[in-house]
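1. Give me coordinates for this.
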Amino acid sequence: MNIPSNLKYTKEHEWVRIEGNTAYIGITDYAQGELGDVVFVDIDSSVSEIKKGVSFGTIEAVKTVSDIYGPFTGKVLGINPKIATTPELINSDPYGEGWMIKAEISDESELMDLLGSTAYKELIGQ
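-> Residues are numbered from 1 along each chain as shown. Reported below is the predicted structural model:
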């Protein structure tokens, strides 16, 4: 299982790649494996802000539908257009081309609640 050490993680299995005051958000390799084949991602194109702990969309897979939660509060800068037409990128490249949202971080103190790779591995029993 791939759990990159340069990312931060949530207990709900989102990952966060922080680049200055912005961050990319997606779901972890563990989460995509549990979901199975992703067939649809529903993120409202008019969403302008994400809030920590609040769902900003859903992922539909063969097995189930799951919410995607904001790991921090921030202004949405972009939604990955590739996942609308090629949602299977979330399965094949969850930490790269399968990212979901790019957002500006509003409150950096919220990042303190994110897990490092070691803590995330413990959470999922790795």
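
2. Please count neighbours and contacts with C-alpha atoms only from this point.
-> Fine.

3. first to last residue in stretch 83-97, what's the distance?
-> End-to-end span of stretch 83-97 (CA to CA, to the nearest Å): 8 Å.

4. In that stretch, which residues are buried?
-> 83-84, 87-91, 94-95, 97 (16 or more other CA atoms under 10 Å).

5. need the strands for the protein, in chain order.
-> Secondary structure of the chain, counting by DSSP state E: strands at 8-9, 14-19, 22-27, 38-42, 49-50, 55-61, 65-69, 74-79, 101-105.

6. Excluding chain neighbours, what is closest to the residue nearest the centre of the chain?
-> With distances taken as CA atoms, centre = their mean, G26 lies nearest the centre of the chain, 2.3 Å away. Sequence neighbours aside, W99 is the residue nearest to G26 in space, at 4.6 Å (criterion: CA to CA, 6 or more residues apart in numbering).
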